[in-house]
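J.: Next come a sequence and a model predicted from it.
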Amino acid sequence: AGALTLIVAVGFFVPWAWTQLELPDWSKVLLLHGLGVAVSIGALVLHLRGMRIFAQGLAGIGIFTLYASAWAAQHHYDVWQSSGDMITFVECAIITALAIAAAVSSRSVAIILLGALGGYLTPFIAGGQDSSHIELFTYLAFLNVAIVGSAVFRSWSFLKPIALLATIFMFGLWVGNSSFDADHTWSTQWLLSVHWFIFLLGATLPPVVWRRESNWLDLVALSTNSLWFVGVTWLMFHNRPEQQMAFVCWGMTLLHLLLFGLTYNRVTNIDRMPRVHLALAAIFFILAMPLQLENSLSYLALAWAAQGVVLSAVGIYFRDRQMCVSSLIVFALAAFRLLGFDYLDQPELLGSIDRRFLMFEMSALLMMLGGALYPLAGRLLRQEQENARFWEPAGGALLAAGNLLAMIGLTCQWEVRIVLLLWTLGAAAIWAAGFILPR
């Protein structure tokens, strides 16, 4: 609490010194930098004397003060003039490197979080939004190597999703910027690939090299990283005539299949990492053709329903409830897409068949197929005398939802009288199945 209070005090001191102190600008900047260095040295002395918690608080104040000094020199006092952007950029990079080194050596979560925050804010502190995107994302790559390396070295798995979210935000700002055009596409794609590879290694190396058990944060970073990479690639290339999203997805499929075999061999089925790689391989294989098509959004619900079946199959085979819950979420997204968008679209005939009708019926069949897999897991779990309460209700819900979507889809193709007849026949078939099938 005291450290946070002093950080707030430093934040107010910077603009106060700018307006109130009757000193040359360079001396104010020197005073702020000296304050940050002095506090950091005090933190080191306390750490060496065993007062680690107090030392971490002072180190946080020192790091924040140094970042605030760099920002003040650039934006308040303009002491560097025309070369200010580069000097401030280099200064903040050095501060970040020192903060990460101090955090790793002292095993301090607070310091690594402050160092990461300052590192990702450095482009904004230094006015980096006006610099070359190659310089910006090259700096960001070195920062991510340091952050992810620290996370692997100290088992700070929480850093990987944080760093990934910051990277996604940076790339989103750039791709959505008005200055981004077709000339920047390939250079951005190469930089995107570098960052994707950094996070892929950071999430996959610990189980493979050290046979270290992965946790859910590793798996979140792994899944988000690959899905984000393909998503941004599609965003940049889907309107270009030379785009080959199918080959990108098939390449990702092959890569994750190889990683599935590698991680399964190293950590076996006890760890969730292999099954996540297997699920990602199946997802990208399914997405290959829809993303290649020009009107890919029209087939999004079908692709999601297929992904739901794959996730259900993987989850049921490994009896992984979290994977199955993910499949239920994907099925819900498919249903939302069908009811919220496809059903409201204008009719689009493929020959004599409405495309909306096909999307509803095919997605419904996939949803019912996924639902039919769940009772199998329920029976296996009952044989092992385990709790099967999740599996059979989940399967029943998917069967019911798939049947409902199939019924709604009929209204996209036929008139009311025929639809009522088909609904009656469908209800009779379901009723008969309920009497014939066990349970």
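T.: Perfect, thanks for sending it.
J.: contacts and neighbour counts: CA atoms only from here.
T.: Will do.
J.: quick one: Glu415 from Ala163, how far?
T.: Distance, Glu415 to Ala163, by CA to CA, to the nearest Å: 54 Å.
J.: Phi and psi next, for Leu349.
T.: Backbone torsions of Leu349, given as degrees, to the nearest 10, read phi -90, psi 130.
J.: wait, I meant Leu350
T.: With angles defined as degrees, to the nearest 10, Leu350 sits at phi -110, psi 90.
J.: Compute the number of surrounding residues for it.
T.: Neighbour count for Leu350, taken as other CA atoms under 10 Å: 10.
J.: Val45: how many residues sit nearby?
T.: Val45 sits with 14 neighbouring residues when counted by other CA under 10 Å.
J.: So it belongs to a helix, correct?
T.: Yes: under DSSP: H, G, I helix; E, B strand; the rest coil, Val45 falls within a helix.
J.: contacting residues for it?
T.: Ala55 (CA atoms under 8 Å, 6 or more residues apart in numbering).
J.: Need the pLDDT of it.
T.: With respect to pLDDT, Val45 scores 82.
J.: now swap in Leu165 and tell me
T.: pLDDT, Leu165: 94.
J.: so which helix or strand takes in it?
T.: helix 159-175 (DSSP states H and E).
J.: Distance from the chain centre to that helix, please.
T.: Centroid separation between helix 159-175 and its chain, computed with CA atoms, centre = their mean, to the nearest Å, is 8 Å.
J.: List the buried residues in it.
T.: Neighbour-count burial for helix 159-175 flags 159-164, 166-168, 170-171, 174-175 (criterion: 16 or more other CA atoms under 10 Å).
J.: now stretch 38-53
T.: Within stretch 38-53, the residues scored as buried using 16+ other CA under 10 Å are 39-44, 46-47, 52.
J.: Just the element for Glu213, please.
T.: Under DSSP H and E, no helix or strand contains Glu213.
J.: Could you measure from the nearest residue to it once chain neighbours are set aside over to Gly351?
T.: Excluding the flanking residues, the one nearest Glu213 by CA to CA, 6 or more residues apart in numbering is Pro207, at 5.8 Å. Distance, Pro207 to Gly351, using CA to CA: 51 Å.
J.: More neighbours: which of the two?
T.: Pro207 (19 against 7).
J.: what residues are up against that one?
T.: By CA under 8 Å, 6+ apart, the contact set of Pro207 is 213-214, 263, 266-267.
J.: Would you mind checking these for buried ones?
T.: Buried, going by 16+ other CA under 10 Å: 214, 263, 266-267, out of these.
J.: now the residues you listed as JSON lines including distance to Ala110?
T.: Below are these laid out as JSON lines (distance: CA to CA, whole Å):
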{"residue": "Ser214", "distance to Ala110": "23"}
{"residue": "Thr263", "distance to Ala110": "32"}
{"residue": "Arg266", "distance to Ala110": "33"}
{"residue": "Val267", "distance to Ala110": "31"}
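J.: out of the buried residues of stretch 38-53, which one sits closest to Ser187?
T.: Ser40 (39.1 Å; CA to CA).
J.: how close does Arg321 sit to Asn177?
T.: Arg321 is 41 Å from Asn177, by CA to CA.
J.: How about Leu254?
T.: Taken as CA to CA, the span from Leu254 to Asn177 is 33 Å.
J.: do the same with Gly118
T.: Counting by CA to CA, the gap from Gly118 to Asn177 is 23 Å.
J.: more crowded one of these two?
T.: Shown here are Gly118 and Asn177; by other CA under 10 Å, Gly118 has more neighbours (23 against 10).
J.: Check which element follows the longest helix seen in the chain along the chain.
T.: Ranked by number of residues, the top helix in the chain under DSSP state H is helix 355-383. Following helix 355-383 in sequence order, the next helix or strand is helix 391-410 (DSSP H and E).
J.: would you list every one of the helices in the stretch 101-250 of the chain?
T.: 109-125, 133-153, 159-175, 185-209, 216-237, 245-267 (DSSP state H, counting those that start in this stretch).
J.: just checking, what packs against the last one?
T.: Contact analysis of helix 245-267 by 3 or more CA pairs under 8 Å, 6 or more residues apart in numbering; DSSP states H and E lists helix 185-209, helix 216-237, helix 273-292 as its packing neighbours.
J.: Let's see that with 7 Å instead.
T.: Under the contact definition 3 or more CA pairs under 7 Å, 6 or more residues apart in numbering; DSSP states H and E, helix 245-267 sits against helix 185-209, helix 273-292.
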